[in-house]
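J.: What would the 3D arrangement of this be:
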Amino acid sequence: MRVLVAGAGYVGGELAVRLAQAGHEVLALRRSPRPEEGVQRPRVRWLACDLTDAGALRELPLAGVEALAYLVAADARDEAAYRRAYVDGLAAVLEQLRAQASLRRVLFASSTSLYAQDDGSWLDEASLAEPQHFTGRIVREAERLVQRADCTAVALRLGGIYGPGRASLLERVRAGTAALPGAPHYTNRIQRDDAARACAHLLGLESPAPRYVGVDSEPANQADVLRWLSARLGSAPPRGAYDANGAATGKRCRNDLLRASGFAFEFPSYREGYGALLGS
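T.: Numbering: from 1, shown residues only. The predicted model follows:
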């Protein structure tokens with residue numbers, strides 16, 4: 001299968017390599033002309049392009065692309081940047097690929113930020129997704145755009161992504177600057193490699209659902225995560241007062257549908273994920 005990975009950054013770059021290792025022909029599109037210096041990512045053709053530049057897109061070797069994995073990130077946290085990345089860029093790439101008449105599958109990396117619930121609720125693919133912030137609203141608009149594509153389309157709603165080179169929570173605990181929430185606050189995360197593996201899995205799934213929640217199997221109280229990390233690091237306990245009987249905030253996302261599709265997590269909770277980063 002010939003695959004275009006648009007947004008070959010932290011997760012997309014890992015996905016591109018995994019797809020290539022599985023025998024697929026991979027085009028990896030990113031803003032900069034090559035992967036990070038010193039990172040070896042073989043058997044992938046790296047391309048640099050502004051996704052909103054129709055002329056530049058027409059110059060790319062996209063003939064025969066059968067699958068698109070769209071994993072872009074906005075280059076700034078403002079509404080215009082989000083719209084360029086998630087809606088304008090996606091629309092431009094889809095239009096260009098439609099002209100090739102070979103596109104059969106689209107995977108869009110969405111976000112659990114689409115869920116505005118903030119009371120500790122359990123949520124899944126059928127839960128109400130009416131985001132209040134512009135970031136979530138624009139990503140939700142992109143999901144709808146993907147679902148209108150003339151091919152099989154899948155949205156993977158990813159939780160907070162962490163892993164090698166992206167473990168700020170661990171570093172705050174190590175530095176003694178992490179603070180406990182005042183009451184239970186539920187968080188949803190997924191390790192980078194599992195996020196890339198889930199994307200590859202859904203690209204190859206014969207009859208996927210239109211959307212999946214991409215989080216690990218243990219939505220975790222932030223206080224539990226901080227205390228576990230502190231114990232593992234042997235650092236001072238996190239600062240702040242914590243009331244276990246206080247009103248819960250955050251949300252708890254279920255990954256049941258993703259696991260039922262045949263996907264198995266390498267890092268089913270924060271313990272395995274952060275444990276690997278700590279070398280155990």
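
J.: CA atoms for contacts and neighbours, from now on please.
T.: Will do.

J.: Tell me the secondary structure at His201.
T.: The three-state label for His201, taken from DSSP: H, G, I helix; E, B strand; the rest coil, comes out as helix.

J.: Please report how far the nearest residue to it once chain neighbours are set aside lies from Ala195.
T.: Nearest residue to His201, sequence neighbours excluded (Cα to Cα, 6 or more residues apart in numbering): Phe263, at 7.0 Å. Distance of Phe263 to Ala195, given as Cα to Cα, to the nearest Å: 11 Å.

J.: Please identify which of those two sits among more neighbours.
T.: For Phe263 versus Ala195, neighbours defined as other Cα atoms under 10 Å are more numerous around Ala195 (26 against 17).

J.: Does that one touch Val11 like I think?
T.: Yes: using Cα atoms under 8 Å, Ala195 is in contact with Val11, at 6.8 Å.

J.: so Gln100 is in which element?
T.: If you go by DSSP states H and E, Gln100 is not part of any helix or strand.

J.: In the strand or helix carrying Leu19, which residues are buried?
T.: If you go by DSSP H and E, Leu19 is part of helix 10-21. Buried positions in helix 10-21, judged by neighbour count with 16 or more other Cα atoms under 10 Å: 10-20.

J.: ok, Leu128 - contacts?
T.: Tyr115 (Cα atoms under 8 Å, 6 or more residues apart in numbering).

J.: Can you pull the phi and psi angles for Tyr162?
T.: Main-chain torsions, Tyr162, degrees, to the nearest 10: phi -140, psi 170.

J.: okay, and for the chain, where does confidence drop off?
T.: For the chain, residues meeting the criterion pLDDT under 70 lie at 33-42.

J.: which residues does the residue positioned nearest the centre of it bridge with?
T.: Of all residues in the chain, the one closest to the mean position by Cα atoms, centre = their mean is Leu158, 4.3 Å from it. Beta bridges link Leu158 to Ser111, Gly214, judged by DSSP bridges.

J.: Just to check, it is in contact with Phe108?
T.: No: taking contacts as Cα under 8 Å, Leu158 lies outside contact range of Phe108: 10.2 Å.

J.: one step back: against Ser121, how distant is the residue nearest to the centre of the chain?
T.: On the measure of Cα to Cα, Leu158 and Ser121 end up 17 Å apart.

J.: Isn't Arg157 up against Pro210?
T.: No: if you go by Cα under 8 Å, Arg157 and Pro210 don't touch, sitting 10.9 Å apart.

J.: Look at the two and report which has more neighbours.
T.: Taking neighbours as other Cα under 10 Å, Arg157 and Pro210 compare with Arg157 leading, 24 against 15.

J.: where do the strands sit along the stretch 51-200 of the chain?
T.: Along the stretch 51-200 of the chain, counting by DSSP state E, counting those that start in this stretch, strands occupy 67-70, 105-111, 121-123, 152-158, 160-162, 185-187, 189-191.

J.: Nearest to Arg77, out of the ones you listed?
T.: Arg77 lies closest, by Cα to Cα, to one member of the strands of the stretch 51-200 of the chain: strand 105-111, at 15.0 Å.

J.: Which strands or helices does the closest one pack on?
T.: Counting contacts by 3 or more Cα pairs under 8 Å, 6 or more residues apart in numbering; DSSP states H and E, strand 105-111 packs against strand 67-70, helix 134-147, strand 152-158, helix 192-204.

J.: ok, 7 Å please
T.: Here strand 105-111 touches strand 67-70, strand 152-158, going by 3 or more Cα pairs under 7 Å, 6 or more residues apart in numbering; DSSP states H and E.
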